[in-house]
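**Student:** What shape does this take:
(one chain, ligands or ions: 1)
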Amino acid sequence: MVEINEVSVNRVLNPTAINLGDYVINPYVGCEFSCLYCYVRSNKVASKRKRPWGTYVDIRKNAPDLLEKEICEKKPKTVLLGSTTECFQPVEKKFQLTKRILEILNNHEVPYIILTRSPYVVEYIPLLNQRFCKRIYFTVNNYSDIFKQAIEPKSPSFVSRNIAIQALLDAGMPVIPYYSPVIPWVTEIKDAFSLFTTAERVDFEYLNFNLKNTQDIIKSISLTDRAREKNISRMFYEKNYYEQTWDTMDEEIERQASRANKRYKRYRHPFDAFFKNTYFD
Ligand code: SF4
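**Tutor:** Numbering: from 1, shown residues only. Below you'll find the model as predicted:
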């Protein structure tokens, strides 16, 4: 059961170190999708909450009113939406904070970039089609059902996300299908390149082994396949094996991209670079 609280905040436009904008907006605190690999679980603010990540959502009900004022004061160049929450999670249907925020950004002609994995974003195509949405990174994957159940049971199905990505592409939106987290022996790279032929590129982010709950992720993987769990555990402890495995993944992506004649980007987390959270909000 997800606990919903309406809260007031002091500011809505927060400076960010993420190189996708000079400010971030997170209309909600918390996320109903509760992905096990979510990096927000590792952040200090979320760690201090009494309730575990995924069991609460705070509705920042005054966010749109504040935004009107802050845009005039801060004059943002580009705003990133959804760095620590999912802007289009189910509560959005009722509270519509993201909708109001998009309307305000459009009215003030402020460019924005969206991070999402929710097909509900499609409902907002008329708002997103008003020139100011510069990019949508739409997270997707292609794990088996049993594997998805182990690490992200509450997130929307991959099929529904594939349909949403295609709908956004068909509407002329600048969408990047974003495969994350790529997990060796689980994510099918070839299949990633067989979809979304009109996307300008496909991105891949490898599993981050530096999260606080990496052992929980490995334990969940063990529920699906002991052999796979053994290999992934080895990546956690052995730097050489970690690098070799991702090198092989790099080669596979390069091979499949060249076969499909597609552009791509990939993001690899360094081994043992303990998680440094610069995304506080
Ligand atoms: S949808 Fe995003 S914010 Fe929500 S739990 Fe998953 S990774 Fe975290």
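
**Student:** Now do the phi/psi pair for the residue in the stretch 51-200 of the chain positioned nearest to the ligand.
**Tutor:** In the stretch 51-200 of the chain, the residue that lies nearest the ligand is residue 86 (4.1 Å; CB to the nearest ligand atom). (C-beta placed from N, C-alpha, C; glycine too.) As for residue 86, its main-chain torsions (degrees, to the nearest 10) stand at phi -100, psi 110.

**Student:** Excluding covalently adjacent residues, which one is nearest to it?
**Tutor:** Nearest non-adjacent residue to residue 86, counting by CB to CB, 6 or more residues apart in numbering: residue 31, 4.9 Å away.

**Student:** strand partners of the helix or strand hosting residue 137, parallel vs antiparallel please.
**Tutor:** Secondary structure assigned from DSSP states H and E places residue 137 in strand 133-140. Next to strand 133-140 in the sheet, as set by DSSP bridges, lie strand 112-116 (parallel), strand 175-182 (parallel).

**Student:** Residue 90 contacts residue 32, doesn't it?
**Tutor:** Yes - if you go by CB atoms under 8 Å, residue 90 and residue 32 touch, sitting 5.6 Å apart.

**Student:** Neighbour count for those two, which is higher?
**Tutor:** Taking neighbours as other CB atoms under 10 Å, residue 90 and residue 32 compare with residue 32 leading, 20 against 15.

**Student:** So for stretch 157-168, mean pLDDT?
**Tutor:** For stretch 157-168, mean pLDDT rounds to 98.

**Student:** Correction: the previous question concerned stretch 223-230.
**Tutor:** 85.

**Student:** Dump it to PDB, restricted to CA.
**Tutor:** C-alpha atoms of stretch 223-230 as PDB (Å, rounded to 0.1, in the frame of the first residue of the first chain):
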ATOM      1  CA  LEU A 223      15.900 -16.100  -7.400                       C
ATOM      2  CA  THR A 224      15.800 -16.300 -11.200                       C
ATOM      3  CA  ASP A 225      19.000 -18.200 -12.000                       C
ATOM      4  CA  ARG A 226      21.800 -19.400  -9.600                       C
ATOM      5  CA  ALA A 227      24.500 -19.500 -12.400                       C
ATOM      6  CA  ARG A 228      23.700 -16.000 -13.500                       C
ATOM      7  CA  GLU A 229      23.800 -14.800  -9.900                       C
ATOM      8  CA  LYS A 230      27.300 -16.400  -9.500                       C
END
